[in-house]
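Participant: fold the following.
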Amino acid sequence: MKKKDFVFIGAAILFLLPFFVCPKVYEAYNNFNISNGMIMSFIKFAVLATLGEVIGLRIKTGDYHRKGFGIIPRAIVWGLLGLGINAAFIIFSTGTPFFLSYIGFDVSPETIKNPAFSGIKLLTSFSISLFLNLIFAPVFMTVHRITDVHIETTGGTLKGFFTPIKFGKHFTELNWAVQWNFVFKKTIPFFWIPAHTITFILPEHFRVLFAAALGIVLGVFLAVASILGQK
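Facilitator: Model (predicted):
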């Protein structure tokens with residue numbers, strides 16, 4: 001580890017420390033989170049998932065920032081994606097229990113709200129994660145990759161970011177070998193489905209925060225995917 005790594009870790013600890021050592025800070029955060037869920041989703045993903053991309057850049061290049069990386073545009077994208085993820089959590093955590101009930105299981109949306117752990121809660125959480133990651137995640141991951149390419153091709157600037165995104169061009173030029181063989185086939189079944197199963201076992205107000213924290217892991221995956229794409 002180099003000096004910049006210790007500085008980065010120290011800054012991250014100082015940023016998070018008040019939430020753990022000061023009850024009033026945590027209480028204020030919790031109250032705002034409960035009453036402004038979508039706003040907090042934007043903030044959590046903008047901060048934590050972008051942090052993951054910064055760590056991914058460090059893994060890939062040895063630097064936490066470089067010209068053209070576009071931290072602010074990436075944070076905006078992650079904030080917007082965070083809104084979609086929160087909406088998807090609500091939709092799938094409500095709809096999946098109804099589907100399970102429809103095919104004969106004694107399940108309802110209240111099942112995952114029960115604080116007590118049980119086999120039926122595990123089944124429900126796994127099913128929500130399964131449908132979320134098979135239906136929503138591939139679209140989300142592809143859109144995110146296209147926005148990344150847009151940021152890269154426009155120099156990482158805010159002005160460039162707000163130019164029209166060439167979705168068709170970027171879509172056809174994606175490295176689908178990596179997108180399919182690594183991002184879809186490996187990270188979804190072996191990481192995201194188990195990780196989001198844990199997400200839906202957690203209390204409701206912790207789910208989006210945990211999902212945003214998983215964005216740090218996603219940054220590492222993106223770095224690995226980028227390295228694989230260069231081979």
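Participant: so, low pLDDT: which residues of this structure?
Facilitator: Applying pLDDT under 70 to the chain flags residues 19, 219, 222-231.
Participant: domain assignment for it?
Facilitator: Following automatic domain parsing, one gets these domains for the chain: 1-35, 37-230.
Participant: any buried residues in the helix or strand hosting Phe98, and which?
Facilitator: Phe98 belongs to helix 71-102 when assigned by DSSP states H and E. Neighbour-count burial for helix 71-102 flags 71, 73-82, 84-86, 88-90, 92-93, 96-97, 100 (criterion: 16 or more other Cβ atoms under 10 Å). Placement of C-beta: from N, CA and C, glycine included.
Participant: ok, back up a step: quick one, which of the domains of the chain is packed in tightest?
Facilitator: domain 37-230 (a mean of 17; mean count of other Cβ atoms under 10 Å).
Participant: show me how far it is from its chain's centre.
Facilitator: Chain-centre distance of domain 37-230: 3 Å, with Cα atoms, centre = their mean, to the nearest Å.
Participant: how big is the angle separating the helix or strand where Arg58 lies from helix 71-102?
Facilitator: Assigned by DSSP H and E, Arg58 belongs to helix 50-61. Here helix 50-61 points in a direction 110 degrees away from that of helix 71-102 (axes from the mean of the first three to the mean of the last three Cα atoms, to 10 degrees).
Participant: can you name every helix or strand that helix 50-61 contacts?
Facilitator: helix 3-21, helix 71-102, helix 204-230 (3 or more Cβ pairs under 8 Å, 6 or more residues apart in numbering; DSSP states H and E).
Participant: pull the CA atoms of the helix or strand just after the second one into CSV?
Facilitator: Spelled out, that is helix 71-102. Following helix 71-102 in sequence order, the next helix or strand is helix 119-131 (DSSP H and E). The C-alpha trace of helix 119-131 is given here as CSV (Å, rounded to 0.1, in the frame of the first residue of the first chain):
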residue,chain,number,x,y,z
GLY,A,119,-37.2,-20.6,6.2
ILE,A,120,-40.1,-19.0,4.4
LYS,A,121,-38.5,-15.6,4.8
LEU,A,122,-35.3,-17.0,3.3
LEU,A,123,-37.3,-18.5,0.4
THR,A,124,-39.1,-15.2,-0.2
SER,A,125,-35.9,-13.1,-0.1
PHE,A,126,-34.1,-15.5,-2.4
SER,A,127,-37.1,-15.4,-4.9
ILE,A,128,-37.1,-11.6,-4.9
SER,A,129,-33.4,-11.5,-5.5
LEU,A,130,-33.7,-14.1,-8.2
PHE,A,131,-36.4,-12.3,-10.2
